[in-house]
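[1] Give the three-dimensional model of this entry:
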Amino acid sequence: MEHKPTINELEEKIKKFCEERDWDQYHNAKDLAIGVITEASELLEHFRFKSEQEIEEMFRNEIKRQEISEEMADVLYFLLRLSQKYHIDLSTEFYKKMEKNEQKYPVEKSKGSNKKYNEL
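    Next up, the predicted model:
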């Protein structure tokens, strides 16, 4: 795929897809958030009880890699649908959140550390 779609383009594709199927009635915030968690759990299943070496092998296996990619896309679908339905600009919110994270996790305190900001 040469053209990399923007978040807005992805949201429009999802909107059209759902409207054609009359799915708006099923897509309230609660159910979409449940969808995010459900799909994230399905993504997690691929890695549960696996060693780092086993995970690396999965990513080298084209079938497993595709299965993982599809679960990631499912998570993204529900996040995009939620943002589309409730008019949340994910690009803007992402950058705002990263600015907050830069304040919470200054490089000089957090580099090489996995501690939470309140433990630094």
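[2] List the contacts of stretch 34-50.
    Contacts to stretch 34-50, defined as CB atoms under 8 Å, 6 or more residues apart in numbering, come from residues 55, 58, 64, 67-68, 71-72, 74-75, 77-79, 81-82. For every residue, glycine as well, the C-beta is placed using N, CA and C.
[3] Mind doing that once more with 10 Å?
    For stretch 34-50, contacts defined as CB atoms under 10 Å, 6 or more residues apart in numbering pick out 26-28, 54-58, 64-65, 67-79, 81-82.
[4] Stretch 97-108 too?
    Stretch 97-108 is contacted by residues Leu90, Ser110, Lys111, Ser113, Lys115, Lys116, Tyr117, Asn118, Leu120 when judged by CB under 10 Å, 6+ apart.
[5] what about the first one, how many neighbours?
    The one in question is Leu90. Burial of Leu90 is recorded as 17 neighbouring residues (other CB atoms under 10 Å).
[6] just the last one next, same as before
    With neighbours defined by other CB under 10 Å, the count for Leu120 comes to 12.
[7] Quick check: it touching Ser110?
    Yes - the pair Leu120 / Ser110 is scored as a contact, 5.9 Å apart, by CB atoms under 10 Å.
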